[in-house]
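Colleague: Please work out how this folds:
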Amino acid sequence: MFFPIGAQVQCSDGSCGHSTYVVINPISQTITDVVVKEDGFGHPERLVPVKRIMSSTSDEIRLDCNRKELEEMKPFLNVEFVSGTMPHLTYDPDQYMFWPYNLPPADLEPEYVPLEHEQIPPEELAVQRGTRVEATDGLVGHVSEFLVNPANGHITHLVLRKGHLWNTREVTIPVTYIKFIEETTVFLTVDKHSLEELPTAPAWHPLG
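Modeller: Predicted coordinates for the structure are as follows:
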């Protein structure tokens, strides 16, 4: 079963967004949630439990809920406003427009700074498309997607994207090659030469 990142997401009543992260428990090597960015400007990302996924391919995920139910799921990011100091901006209203933001009055005290927190359990990690993959001897590419055994939810393979621009290839790496996963990097137990021996396929490039 594919768990693609950047794939179109379909609810029972139509297209509802695209996947931006997968949430992984690195201890059990299972995917617990998929983060879905709802369609439309300013809409939040939502945490969707994997049990709500009916089916998935390398470019599409189908959920068992409608768009209204998706809107009621837990946000991926929680925004907290904390007191802080920010430099005041000066600008010429005839030359610049700050939109959709409004500048606060210069004498407004205190100022509040928005801080975003990922709403996932502390022992889990959110991995996005493009996360670095490091072999024992350096960078080898970036995460494209994960393959999961639907019978138990365990990750079986990591799909690695390597190369630059249009000359990219995808390599399917067994989960046994994964040493550990951090928020920004997946570390492997093998070197670059070992990965060269794995089968590759041309990577698909979305248009637009």
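Colleague: where does S194 land in three-state SS?
Modeller: helix (DSSP: H, G, I helix; E, B strand; the rest coil).
Colleague: I meant A151, not that one.
Modeller: coil.
Colleague: Break this protein down into its domains, please.
Modeller: 2-77, 80-115, 129-202 (automatic domain parsing).
Colleague: for the chain, what are the low-confidence residue spans?
Modeller: Counting by pLDDT under 70, the chain contains low-confidence ranges at 78-118, 164-167, 201-208.
Colleague: Tell me where the protein has helices.
Modeller: With helices called from DSSP state H, the chain shows them at 67-71, 192-196.
Colleague: Turn these into TSV, columns for mean neighbour count.
Modeller: From N, CA and C alone the C-beta is placed, and that goes for glycine too. Shown next, in TSV, are these (neighbours: other C-beta atoms under 10 Å):
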stretch	mean neighbour count
helix 67-71	15
helix 192-196	14
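Colleague: I'd like the ones you listed laid out as JSON lines, including distance to E183.
Modeller: JSON lines is the format used below for the helices of the chain (distance: least, C-beta to C-beta, whole Å):
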{"stretch": "helix 67-71", "distance to E183": "25"}
{"stretch": "helix 192-196", "distance to E183": "22"}
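Colleague: if we can go back for a sec, indicate which one of the domains of the chain is closest to P121.
Modeller: In terms of C-beta to C-beta, the element of these nearest to P121 is domain 2-77, at 8.1 Å.
Colleague: what's the span of that closest one from first residue to last?
Modeller: Across domain 2-77, the terminal residues are separated by 24 Å (C-alpha to C-alpha, to the nearest Å).
Colleague: The domains of the chain into a markdown table, with extra columns for distance to E123?
Modeller: Putting these into a markdown table (distance: least, C-beta to C-beta, whole Å) gives the following:
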| stretch | distance to E123 |
| --- | --- |
| domain 2-77 | 7 |
| domain 80-115 | 21 |
| domain 129-202 | 12 |
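Colleague: quick one, which of these is packed in tightest?
Modeller: When you average the neighbours per residue for each of those (mean count of other C-beta atoms under 10 Å), domain 2-77 leads with a mean of 17.
Colleague: Span of stretch 52-72 from start to end?
Modeller: 13 Å.
Colleague: what does it contact?
Modeller: With C-beta atoms under 8 Å, 6 or more residues apart in numbering as the test, stretch 52-72 has contacts from 1-4, 7-14, 16-17, 19, 34, 36, 38, 46, 48, 73, 145, 204.
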